[in-house]
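Student: sequence and predicted structure, then a few things I'm wondering about:
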Amino acid sequence: MPDINKIRIIIRKEWAEVFKNRMVIFSVLFMPLLFTAIPLIFLYTMRGTGPADMAGELPSQFSQMCRPGLSGGDCFKVYMVSQFILLYMMIPLIIPVNIAAYSIVGEKTTRSLEPLLATPITTAELLIGKNLAAVIPAVLATWLGFGLFAAGASLLVENQLLLLSFLDSMWLLAIFLVGPLLAVLSVNFSIMVSSRVNDPRVAEQMSAIVIVPVLALFFGQISGFILLDSRLVLIMAAVVLLIDALMVYLAVRLFQRETILTRWK
Amino acid sequence: MIETDNLSKQFGQTLAVDRLTLHIDEGEVFGFLGPNGAGKTTTVRMLTSLIAPTSGSAVVNGFRVGQEDINIRRSIGILTETPGMYDNLSAQFNLEIYARLCEVKDVKGQIEKYLRMLGLWERRDDEAGTFSKGMKQKLAIARALLHEPKILFLDEPTAGLDPEASRLVRDFIAELGTEGRTIVLCTHNLDEADHLCNRIGVFKTQLLVVDTPERLRRQLFGRKVVFHLSSADPGFVKVVAALPIVRDCKAVDNKLIVQLDDPESHNPEIIRALVGAGANIQFVGELRHSLEDVYLQLVKNA
């Protein structure tokens, strides 16, 4: 069984180190605030019912999904805000990339991994510690951002049906289930990339490739090509879970003492 | 304390360590010497259970490498070639991380003990990145000792340090040696090995030889005594060379260099012969070959 105390000290060390880096602080604080501010500003400026005929310009599939009882203007708000809520899915992808890149590449460049590996810590404890150190801030930032949005939206939106459209089961599943799964994917992908490079910025740039599927989803939804619903989000969760399992397996293989000491350059 | 039996390590086509069989006793300060790429660091990594041997076996502090790795890592301390400190963290927090990972009971007490011992207590709250190379090395030594390991592996402990810092580190290692810890020292500094090690092992993929520095000197170069005379006379060489106890004798400037098996017993006889022949002896001393001479000879022969 992994020793919780050892995992905890690894997390403490990681946070003490990476949060001295302005880039990491910036990504952890700025992104959730930005993604929260944009839809709230949109809702603020679009207070009132809005033009009823706007709904006609939405992708046809989306109009079909618009809750009964909502006006065309409200449907437009749901459509627009949905795009921004989707951006929350980028937070659990980007923050772990920043943290893991600085954590792993930093250890490589300062050559601090060898003394660390010579302590009675198991590979699993070390990997769990590094994973959690990157996943926890990402997940908390995502949840906090979404929580702020929900609080702000409840103040700005009078129509309860409209508010429920923003906080329906699909988005709750996306934020609270898919979000953490995406963070796990991102951190393990970063570990794999970081093992091959010696510059945290290069690691970040290469790891940033993990946001491509979410961007594809974003553009797919804007264009009306993809329409998210609870069923699709659950399928997404299952797919990401499978990819996570593969990523964790590959990261564990890569995170063996001998591999780190003899192959990580 | 450390026992290896035909321990080997191969990386692809490269044989890094070839059938190493070695025994290091408890309380011994053992030096691993060898050229770059000789397999010293690989051997240390195998003995600290950081990498697995390709074949052969090793037992460290009673625990088998590859089977009881966590127990091995609990009982050893390691100073790696580079200190590998977390530069953004304070000296104290750097040590706290390792103390907790090494399951130290009195974390604060042990940190204070070693920081004071190594003269770093006043700088405990400073980031390790602000430390000089010598201070970082001392901090890394403190880190290796926090859990009071029975066996200490030191890889190039004074590499890149200025003479003052080197002396400090060397004196500290000598002190640790007197505490009964087993110390395995990898170094290119042969003078350091000569001063600190009870025995040395010379590597070049294979273990070429293991013995005390003194015995290796005698085996390779014999024992030589230098007689400083006020003036040289070719007759003195003949007088000394004629003695049955003398293996070889030659004159260099005003000195006679005499090879003997047992200088402690034979010197008085030679002195008597030289004085009898009219020589005026100013000093008598042993010609001591450096460990560097021994090492170069061994590596050359290999």
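Tutor: It's in. Residues are numbered from 1 along each chain as shown, chains lettered A, B, ... in the order given.

Student: please count neighbours and contacts with C-alpha atoms only from this point.
Tutor: Will do.

Student: which residue is the nearest non-sequential neighbour of residue 87?
Tutor: Chain wasn't specified; assuming chain A. The spatial neighbour of A:Leu87 that comes closest, neighbours along the chain excluded (Cα to Cα, 6 or more residues apart in numbering or on different chains), is A:Phe35 at 6.8 Å.

Student: sorry, should have said chain B
Tutor: The spatially closest residue to B:Asp87, leaving aside those adjacent along the chain, is B:Gly129, at 3.9 Å (Cα to Cα, 6+ apart).

Student: residue contacts, the one you found?
Tutor: With contact taken as Cα atoms under 8 Å, 6 or more residues apart in numbering or on different chains, B:Gly129 is in contact with B:Met85, B:Tyr86, B:Asp87, B:Asn88, B:Leu89.

Student: give me the longest helix you can find in the chain.
Tutor: Going with chain A. In chain A, assigned by DSSP state H, the helix with the most residues is helix A:123-156.

Student: sorry, should have said chain B
Tutor: Chain B, longest helix under DSSP H: helix B:163-178.

Student: from the chain's centre, how far out does that one sit?
Tutor: 12 Å (Cα atoms, centre = their mean, to the nearest Å).

Student: who are the packing partners of that helix?
Tutor: Helices and strands in packing contact with helix B:163-178 are listed as helix B:133-145, helix B:190-196; criterion 3 or more Cα pairs under 8 Å, 6 or more residues apart in numbering or on different chains; DSSP states H and E.

Student: following the last one, which helix or strand comes up?
Tutor: Heading C-terminal from helix B:190-196, the first helix or strand you meet, by DSSP states H and E, is strand B:199-204.

Student: mean confidence score for that next one?
Tutor: The predicted model assigns strand B:199-204 a mean pLDDT of 87.

Student: now swap in stretch A:136-143 and tell me
Tutor: Stretch A:136-143 carries an average pLDDT of 92.

Student: ok, back up a step: what about the longest helix of chain A, near chain B?
Tutor: No - residues of helix A:123-156 contacting chain B under Cα under 8 Å from any Cα of the partner chain: none, with a closest distance of 10.3 Å.

Student: pull the distance from that helix to the chain's centre.
Tutor: For helix A:123-156, the gap between its own C-alpha mean and the chain's C-alpha mean amounts to 8 Å (Cα atoms, centre = their mean).

Student: give the next helix or strand downstream of it.
Tutor: Along the chain past helix A:123-156, the next helix or strand (assigned with DSSP H and E) turns out to be helix A:160-166.

Student: quick check: buried residues in whichever helix or strand comes after that following helix?
Tutor: Downstream of helix A:160-166, the first helix or strand assigned by DSSP H and E is helix A:169-173. For helix A:169-173, a neighbour-count test (16 or more other Cα atoms under 10 Å in any protein chain shown) marks A:Met170, A:Trp171, A:Leu172, A:Leu173 as buried.

Student: render the CA-only coordinates of helix A:169-173 in PDB, please.
Tutor: Output for helix A:169-173, consisting of C-alpha atoms alone and laid out as PDB, is shown next (Å, rounded to 0.1, in the frame of the first residue of the first chain):
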ATOM      1  CA  SER A 169     -26.600  17.300 -15.900                       C
ATOM      2  CA  MET A 170     -24.600  17.400 -19.100                       C
ATOM      3  CA  TRP A 171     -22.400  20.200 -17.800                       C
ATOM      4  CA  LEU A 172     -22.200  18.800 -14.300                       C
ATOM      5  CA  LEU A 173     -20.900  15.500 -15.800                       C
END
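
Student: and that helix, average pLDDT?
Tutor: Along helix A:169-173, the predicted local confidence has a mean pLDDT of 88.

Student: who's in contact with that helix?
Tutor: Defining contact as Cα under 8 Å, 6+ apart, one finds that helix A:169-173 is touched by A:Ile85, A:Leu228, A:Asp229, A:Ser230, A:Val233, A:Leu234.

Student: the helix or strand hosting B:Phe227 - contacts with which helices or strands?
Tutor: In this structure, B:Phe227 sits in strand B:223-229 according to DSSP H and E. Judged by 3+ Cα pairs under 8 Å, 6+ apart, the packing partners of strand B:223-229 are strand B:255-260, helix B:263-276, strand B:281-287.

Student: immediately after that strand, which helix or strand?
Tutor: Moving toward the C-terminus from strand B:223-229, the first helix or strand encountered (DSSP H and E) is helix B:234-241.

Student: that following helix: which residues count as buried?
Tutor: Within helix B:234-241, the residues that count as buried by 16+ other Cα under 10 Å are B:Phe236, B:Val237, B:Val240, B:Ala241.

Student: coming back round to it: just name the most buried of the helices and strands packed on strand B:223-229.
Tutor: Among those, the stretch with the highest mean neighbour count (mean count of other Cα atoms under 10 Å in any protein chain shown) is strand B:255-260, at a mean of 21.

Student: paired strands for it, with orientation please.
Tutor: Take DSSP bridges as the rule and strand B:255-260 pairs in its sheet with strand B:223-229 (antiparallel), strand B:246-252 (antiparallel).

Student: what residues does A:Glu204 make contact with?
Tutor: Residues touching A:Glu204, when contacts are defined by Cα under 8 Å, 6+ apart, comprise A:Val97, A:Asn98, A:Ala101, A:Ser190.

Student: repeat that with 10 Å
Tutor: Listed by Cα atoms under 10 Å, 6 or more residues apart in numbering or on different chains, the contact set of A:Glu204 reads A:Ile94, A:Ile95, A:Pro96, A:Val97, A:Asn98, A:Ile99, A:Ala100, A:Ala101, A:Tyr102, A:Ser190, A:Val193, A:Ser194.
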